[in-house]
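> missing the sequence, but the structure's below:
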């Protein structure tokens, strides 16, 4: 056996026990690993209709067969569960160093079930796994404090830790998980699920290594792929300016969701664009971005390290200065979009500060920004007032108000607790559900579907809710705004991306690699005859299995839609000025191409063809 370690760690939190069991190799051959294999285990082991905050919900930490290897970007891992924010299947793909360490400890995945009677954390040292008491230790602390405390207690600075902050403990529905101070497994409410299980953290130290099927061929293929990736212009660009530079494109094109989707271009763009983030400011002659960072085995280095302006209101107090005034995790495109244009704020340091809160207390910045923007529109529409917000003037563009609400959300207190419900539940509570810019309860990423029609279809059909990583219609969407041909592109790239998400490698490597390059590395590591066609079919199988999970959870065709704003209110500017998202033209074609009925149900013929 190569690539896979052949072992699963099962953690029964209710009983307080851990047990090793063999990996189901038949399932691994069909679903590969990470998102695919974990979704198969989840589908087979739990009732999809279960309450996501109940002990009946399971949560799986899963690596891929290339996680922990020397393959470029081989540090990816996934958290798969039923989402507390979406009530649908949730898979968060993450980087950092935790996934590689878990694989090096000898585990393909960890399955958490039940609920601990009191707060705990899991400590893994290779084969040894212990459930330890988190009371009077790290429960009630931020993710940053928890990480430092665990390393100090166990006297090992190289322990890798995945934890929740106070938001997850409070079951804030947009809470996610954090590790290594910033990298996240953040979307769809997985942090609330961890808090509901009374599981604060997982700490791991691994020393076993990862064996591959054909070491000589693996070394050769990985070397070739490294050369292909390292010499590609997209890798150089991501390493130099990260993903933040995408905002220049979306703003110019008219596909940048602004002020809760009211607008598609941001008049405050110059204050928060990537060039501004790299330009030294007057106060300390330093730029917001001070360096880059990379994940395990990554030669791209798209992550950012940032420093807030020392004169900014968020760090003037001594305590705040000590906590946030030094080097902290910087902004990526999705976080700067959500915490600047989406809320109408042109304050780079405020966005950096709220992003730091998300890292520290485990919140999804996309959903947080989308929920704050919904609250701002409710406020400006007069639906809520300062009475509901606790005296906060929650107008678009009020950076201090955004920061205060984010602080409250991190603790699950005040009006922040209501924002922490997510925009869907928040807007439903106040009788204006149409103001939630979300799909299946998951807030929009930074692409407006009126200008990017393919992304609109991708959002509507995504199994986890609005997501920019489930399909890749970017090239075609930035070429024209017609709905023509989008259904095929979305279907094909959904399948391809699902296959990639099962490998243990990063999607950003796909800027240089095609699917055959991913498959070649899998085949050298695992054997078994992996090629692009097999990886594509594996991706289609994963996608359809997720669809079946959601159907059993109660989701229907009615959930494959977009907010009314994007279907009825035309874009005010940009290339799509005067246009809406033409979902009614794309969705029936998409169902037909997938081999689903007009109601979005996979036919028996389709299930037979893909092995379901």
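Thanks, I have it. Everything numeric here is computed off the predicted structure, so don't read it as measured data.
> where in this structure is the helix or strand with the lowest mean pLDDT?
strand 184-185 (a mean of 70; mean pLDDT, DSSP states H and E).
> domain ranges for this structure?
Domain ranges of the chain: 7-205, 243-442, 449-609, per automatic domain parsing.
> reformat those domains as JSON lines; add distance to residue 235.
(Glycine included, C-beta is placed from N, CA and C.) Converted to JSON lines, the domains of the chain look like this (distance: least, CB to CB, whole Å):
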{"stretch": "domain 7-205", "distance to residue 235": "9"}
{"stretch": "domain 243-442", "distance to residue 235": "5"}
{"stretch": "domain 449-609", "distance to residue 235": "6"}
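> residue 221: which of those domains is closest?
Smallest distance to residue 221 across those (CB to CB): 4.8 Å, for domain 449-609.
> how far off centre is that closest one?
16 Å (CA atoms, centre = their mean, to the nearest Å).
> follow-up on the earlier one: now tabulate the domains of the chain in JSON lines and tack on mean neighbour count and distance to residue 221.
As requested, these are exported to JSON lines (neighbours: other CB atoms under 10 Å; distance: least, CB to CB, whole Å):
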{"stretch": "domain 7-205", "mean neighbour count": "23", "distance to residue 221": "9"}
{"stretch": "domain 243-442", "mean neighbour count": "21", "distance to residue 221": "15"}
{"stretch": "domain 449-609", "mean neighbour count": "20", "distance to residue 221": "5"}
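> so which of those domains gets nearest residue 228?
Closest among these, once you apply CB to CB, is domain 449-609, at 5.5 Å.
> rounded mean pLDDT for that closest one, please.
Domain 449-609 shows a mean pLDDT of 97.
> also stretch 313-323?
Average pLDDT, stretch 313-323: 89.
> stretch 68-78 too?
Rounded mean pLDDT across stretch 68-78 is 97.
> ok, stretch 207-223 next?
On average, stretch 207-223 scores 97.
> now that stretch: buried residues?
For stretch 207-223, the neighbour count (16 or more other CB atoms under 10 Å) marks 210, 212, 213, 217, 218, 221, 222 as buried.
> what distance separates the start and the end of that stretch?
24 Å (CA to CA, to the nearest Å).
> quick one: that stretch to chain centroid distance?
29 Å.
> what does it rub up against?
Outside stretch 207-223, the residues within contact range by CB atoms under 8 Å, 6 or more residues apart in numbering are 1-3, 5, 67-72, 103-106, 126, 520-521, 524-527.
> of those residues, which belong to helices?
Cross-referencing the contacts of stretch 207-223 against helices under DSSP state H gives 103, 104, 520, 521, 524, 525, 526.
> how about the last one, what does it touch?
Under the criterion of CB under 8 Å, 6+ apart, the contact list for residue 526 reads 2, 3, 4, 65, 212, 213.
> how about 7 Å then?
2, 3, 4, 65, 213 (CB atoms under 7 Å, 6 or more residues apart in numbering).
> surely residue 21 is in a strand?
Yes: assessed by DSSP: H, G, I helix; E, B strand; the rest coil, residue 21 belongs to a strand.
> does it touch residue 11 like I think?
No: contact criterion CB atoms under 7 Å: residue 21 and residue 11 do not qualify, at 11.4 Å.
> quick check: which ranges of the stretch 201-350 of the chain have low pLDDT?
Within the stretch 201-350 of the chain, no range satisfies pLDDT under 70.
> strands along that one, start to end?
For the stretch 201-350 of the chain, the strands defined by DSSP state E, counting those that start in this stretch cover 289-293, 303-306, 328-329.
> wait, doesn't residue 393 sit right on residue 401?
Yes: at 5.9 Å, residue 393 counts as touching residue 401 under the criterion of CB under 7 Å.
> now do the helices in the stretch 501-612 of the chain.
Taking DSSP state H, counting those that start in this stretch as the test, the helices found in the stretch 501-612 of the chain are 515-526, 532-553, 564-568, 583-594, 604-609.
> let me know which of these is the nearest to residue 330.
Using CB to CB, the nearest of those to residue 330 is helix 515-526, at 28.2 Å.
> what's the angle from that closest one to helix 532-553?
Helix 515-526 runs at 90 degrees relative to helix 532-553, counting by axes from the mean of the first three to the mean of the last three CA atoms, to 10 degrees.
> relative to the whole chain's centre, how far out is the helix or strand encompassing residue 144?
Residue 144 is part of helix 143-153, with elements assigned from DSSP states H and E. Distance of helix 143-153 from its chain centroid, counting by CA atoms, centre = their mean, is 23 Å.
> hmm, who's touching it?
Here helix 143-153 has contacts from 121, 137-138, 141, 157, 159, 161, 163-165, 178, 181, 200-201, 203, 360-362, using CB under 7 Å, 6+ apart.
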